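Colleague: Fold the stuff below for me.
(2 chains)
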Amino acid sequence: MAGVAPDSVSRQMGLGASARPAAATAARPRAWQRNLTGYLFIAPWLFGFLSFTALPMIGSAFLAFTDYNVLSPTLRWVGLDNFQRMFFNDSRYWRAVSATFSFALAAVPLKLAFALALAMLFNNSRRLVYGYRAAYYAPSIVGASVAVAVVWREMFGRSGLINNALAAVGVTGHAWLGDPSTALWTVILLSVWEFGSPMLIFLAGLRQIPSQFYEAAAIDGAGRWVRFLRITVPLLTPLIFFNLVLQMIFGFTVFTSAFIISGGTGAPLDSLLLYSLYLYQKGFKDSQMGYAAAMAWVLLAVIACFTALIFRSSSRWVYYESESEGER
Amino acid sequence: MRRKSGPAWLSVLTLSCVSLAACGQPAGPAPAAKATSPPEAAAKPTAAPAQPAAQAPATPAAKASAAGQPPVELRFAWWGSQDRHDRTIKAIQLFQQKNPGITISYEFAGFQDYFTKMTTQATGGNLPDLMQQDYATLSNWVGNSQLLALDSFVSDNTINLSSVAKNSIDGGRIGGKLYAVNLGNNSQTVVLDVAAFDKAGVPLPAPNWTWADFEKTVLDIHTKLGTYGAGPTLSDQQLWKSLYLGYGKWGFSQDGKALGYTDDQPLVDYFKLLLRLQEAGAIPSVQDEIAQWRTASVEARPIVAAKSAMDYMWSNQLVAVWTAAGADRKLRLQPLPRPVGGQSENYFKPSQFISITAGSKHPKEAAMFVDFITNDVDANKILLGERGVPIAPAVLEAIKPLSTPAQVEVLDYLSRLEKDNSPLPPPDPAAQPKLIDNIYLPQLVDPVLFGRISPEAAVTSFRKDATALLQSQ
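Modeller: Take a look at the predicted model:
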């Protein structure tokens, strides 16, 4: 046995040693082929990503340091000039930043609250609930479109639906879109109205909360509000976290509604001058493409910072059920 | 890259419209393309899908063209009102009938979006062959080498300007070269609704009225009728520049590197006038102006619905306004008010130009169209001076008998102005659009009219910011 074992081991090893390269050379093209098939499958996406996302991003990163102005064929390397001008020499830039923060700070929490409220409302098995869910999801399919923004603009117009309804009950209308204190709210409202996708995500989360939690709490005498705060919210935190990140990114980049509702100007008093809109004005109206590219990269950096911040804070408030079973 | 979804969407739409339109037929992105088009339209469904390459020869128009010559395709872009779109499309169809072998596809937009659209196309190297230009934007486009000098076409008579007065041509000259042909003269004006004046018992103002007379007239009408006396858009940048024309100056200096005046007081006084009228409710408030009119086309103006007795605009716009208001209305054109003891604030401006872009593959054919729209009597019987009073005397004579009351009034107005006007100021500097969008409107006009800042303070900081911008060019 003792003699055989090393022998057989060595033979096996020998076999292995001689067979492995052969197997490897045989397997390598096969692995490559396997990967090729995979790459072929994602080729359309890869092509789209490289030509419509990666390449423009590289171009934009380069342009951010130039004075590229679209019409003129020449461009000049200007170093950090664009960034310096943005931060220290452009008062409208800071107004755009402040409008964007006002928008995001109001729109994101409102939208999430609204989505959660409706998700709770629809989390039952009454008849027609599927129909309602579909109906309430519809706005977010069309919500970000130009058509809805145009409708919004008409609705809040001087002789639009809202003012007519107010007139019917004897209240004098208001120039909603012309008044700097109300104009941004029309855009916020439009954004809140697109609550469909966070609502669906919340709904999925609510369905996963075991009903015995609620039953046990109810037996212990917990009211609706306490059950909501102590059971629903903690168990939904992963989804709140997810929705928060997504909607925050959306909130910082919203463009269409502000563009259409303000006629592309950001008026009144720059209250609708959201960051993306100002970026667009700089790039396509003032032909300062280099400056606009620089603005885009600052936006990317700010969004990255906020996303990182939310991620870092998540360990304090996001509760994953699987964790508790293990360590806690 | 979500931030770019808006513009990307727009440009994709534009491009797809262009490529559709470029399929050799005069079918643009226009809902306005009426069924009046000649037989080509009927020939398309059969010819095009079967053999796309042979579609052009299948059209009756192209059959007549020189055998074997591929059809020349041009693109023409303009801004304007619906009335202009309809007329221009008909004129294009006439050109195609008269010039078999040349097809023109077209695209149009409102003035607000037009130059954004063109800039986007310039980025993609995709400009139309022919584009409408404005006096304010011309120097910017020429400075960036986007336009073709037309002098050679004028000297070989492809574009015949022999009968046209020098004054009417020179507005399109930059650095001694002709880059754009004037599509018609116009001048600023205050449109008067004669019926409203009669009803209010307010006499029509004298031609040399002052801004004080203007204020009194507006308030009188508002008191008597309860409607707006005038407006909106009384803070338009054109009025700011013309205000100084009344003092023999202009908004910009000759070289465009500074403001053209040193005394800010007239501008302060003008804003105070607007604030008083706004306070009285005699003109639309700035809130209403932003919400409804600043970016809308002239057809939406309150004077169209008889909600205002006077409105400031360009004389050629009367045609569209009167069409929208209805033929039973009686509108009259009045020169701009002037300072007490000052000179006329009116000047004859080329209302707009047509120019050929530097990248055009068929400049010769494009020049033929420029000549056509300038000199062809039949075409101008369709266009009827909607873009301004035609510069070719023969054309002007031919269209006079056909003109509607609106066109007659425009022609009369310009001849009334002949006696009393100011010389044509220099073209706006290249930085003008930047100045208006980033400084004039958001930092001067709006904060003042919203009462956030005093006119004095705003005008002072406007001078500082505007000077910095103009000098940096």
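Colleague: Might you enumerate the residues of the stretch 151-300 of chain A proximal to chain B?
Modeller: Residues of the stretch 151-300 of chain A lying near chain B by CB under 8 Å from any CB of the partner chain: A:157-158, A:175-180, A:249-250, A:253, A:255-256, A:259, A:263-270, A:273, A:276, A:279-281, A:283-287, A:289, A:296, A:299. To be clear about C-beta, it is placed using only N, CA and C from the backbone, and glycine gets the same treatment.
Colleague: Just those residues: which are in strands?
Modeller: In strands, defined here by DSSP state E, there are no members of those.
Colleague: now the strands for the stretch 1-150 of chain B?
Modeller: Secondary structure of the stretch 1-150 of chain B, counting by DSSP state E, counting those that start in this stretch: strands at B:72-79, B:102-109, B:130-133.
Colleague: among these, which is the most enclosed?
Modeller: Highest mean neighbour count among these (mean count of other CB atoms under 10 Å in any protein chain shown): strand B:130-133, with a mean of 25.
Colleague: Mind giving me the packing neighbours of it?
Modeller: Secondary-structure packing of strand B:130-133 (3 or more CB pairs under 8 Å, 6 or more residues apart in numbering or on different chains; DSSP states H and E): strand B:72-79, strand B:353-356, helix B:363-375.
Colleague: Please identify the pairing partners of it and their relative orientation?
Modeller: Sheet pairing for strand B:130-133, assigned by DSSP bridges, gives strand B:72-79 (parallel), strand B:353-356 (antiparallel).
Colleague: Now distance to residue B:473 too, for the ones you listed, in a markdown table please.
Modeller: What follows is those, written out as a markdown table (distance: least, CB to CB, whole Å):
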| stretch | distance to residue B:473 |
| --- | --- |
| strand B:72-79 | 24 |
| strand B:353-356 | 21 |
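Colleague: With mean pLDDT added, can I get those in TSV?
Modeller: TSV is the format used below for these (pLDDT from 0 to 100):
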stretch	mean pLDDT
strand B:72-79	93
strand B:353-356	94
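Colleague: can stretch B:237-253 be found next to chain A?
Modeller: No: using CB under 8 Å from any CB, stretch B:237-253 never reaches chain A; the gap is at least 13.4 Å.
Colleague: So what touches that stretch?
Modeller: B:188, B:258-261, B:263, B:266-267, B:270, B:312, B:336, B:338-339, B:342-347, B:422, B:425-426, B:428-429, B:432, B:436, B:440-441, B:470 (CB atoms under 8 Å, 6 or more residues apart in numbering or on different chains).
Colleague: Cross these against strands and list the overlap.
Modeller: Per DSSP E, these map to strands at B:188, B:312.
Colleague: Tell me which of the contacts of stretch B:237-253 fall in helices.
Modeller: Those of the contacts of stretch B:237-253 mapping onto helices are B:266, B:267, B:270, B:432, B:470, per DSSP state H.
Colleague: Which single one of the residues you listed is nearest to chain A?
Modeller: Using CB to the nearest CB, residue B:432 is the member of the ones in helices among the contacts of stretch B:237-253 that sits closest to chain A, with 11.2 Å.
Colleague: Share the number of residues neighbouring that closest one, please.
Modeller: Here the count is done by other CB atoms under 10 Å in any protein chain shown, and residue B:432 has 24 residues near it.
Colleague: What residues does it make contact with?
Modeller: Contact analysis of residue B:432 by CB under 8 Å, 6+ apart lists B:136, B:137, B:140, B:252.
Colleague: Please check those and keep the buried ones.
Modeller: B:136, B:137, B:140, B:252 (16 or more other CB atoms under 10 Å in any protein chain shown).
Colleague: For the last one, give its distance to chain A.
Modeller: What it means is residue B:252. 18 Å (CB to the nearest CB, to the nearest Å).
Colleague: likewise residue B:250?
Modeller: 23 Å.
Colleague: Local confidence estimate at that residue?
Modeller: In the predicted model, residue B:250 carries a pLDDT score of 93.
Colleague: Please apply the same query to the one 5 residues further on.
Modeller: Here, the pLDDT recorded for residue B:255 equals 87.
Colleague: Quick check: phi and psi on the residue positioned nearest the centre of chain A?
Modeller: Nearest residue to the geometric centre of chain A (CA atoms, centre = their mean): residue A:246, 3.2 Å. In terms of degrees, to the nearest 10, the main-chain angles of residue A:246 are phi -60, psi -50.
Colleague: Quick check: closest non-adjacent residue to it.
Modeller: residue A:198 (7.6 Å; CB to CB, 6 or more residues apart in numbering or on different chains).
Colleague: quick revisit: just the buried ones among the contacts of stretch B:237-253, please.
Modeller: B:188, B:258-261, B:266-267, B:270, B:312, B:336, B:338-339, B:342, B:344-347, B:422, B:425, B:428-429, B:432, B:436, B:440-441, B:470.
Colleague: related to what we said a few turns ago, and of the buried ones among the contacts of residue B:432, the nearest to chain A?
Modeller: Checking the buried ones among the contacts of residue B:432 one by one against chain A (CB to the nearest CB), the nearest turns out to be residue B:140, at 7.4 Å.
Colleague: wait, the closest one sits on residue B:433?
Modeller: Yes: between residue B:140 and residue B:433 there is a contact at 7.4 Å, judged by CB atoms under 8 Å.
Colleague: Residue 211 - how many residues pack around it?
Modeller: Since no chain was named, I'll use chain A. Residue A:211 sits with 7 neighbouring residues when counted by other CB under 10 Å.
Colleague: nope, chain B please
Modeller: Other residues lying near residue B:211 total 20 when counted by other CB under 10 Å.
Colleague: for it, what are its contacts?
Modeller: For residue B:211, the contact set (CB under 8 Å, 6+ apart) comprises B:270, B:273, B:337, B:338, B:339.
Colleague: Check residue B:261 too.
Modeller: B:244, B:247, B:249, B:250, B:251.
Colleague: Could you list which of these belong to helices?
Modeller: Going by DSSP H, the helices hold residue B:244 from those.
Colleague: Looking at the contacts of residue B:261, which is nearest residue B:282?
Modeller: Distance to residue B:282 across these (CB to CB) is lowest for residue B:244, with 24.6 Å.
Colleague: measure that closest one to chain A for me?
Modeller: Distance, residue B:244 to chain A, by CB to the nearest CB: 25 Å.
Colleague: Name the nearest residue to that residue, sequence neighbours excluded.
Modeller: In space, residue B:244 is closest to residue B:261, 4.8 Å off (CB to CB, 6+ apart).
Colleague: Kindly state the pLDDT recorded for that neighbour?
Modeller: 93.
Colleague: quick one: least confident helix or strand in the chain?
Modeller: Defaulting to chain A. One helix or strand of chain A scores below all others by mean pLDDT, DSSP states H and E: helix A:321-326, with a mean of 56.
Colleague: that's the other chain; I wanted chain B
Modeller: helix B:40-50 (a mean of 37).
Colleague: Name the residue of the stretch 101-250 of chain A that lies nearest to chain B.
Modeller: Relative to chain B, the nearest point of the stretch 101-250 of chain A is residue A:178 (3.1 Å; CB to the nearest CB).
Colleague: right, I mislabeled it, should have said the stretch 201-328 of chain A
Modeller: Per CB to the nearest CB, residue A:263 is where the stretch 201-328 of chain A lies closest to chain B, at 3.3 Å.
Colleague: What is the neighbour count of that residue?
Modeller: Residue A:263 has 21 neighbours, counted by other CB under 10 Å.
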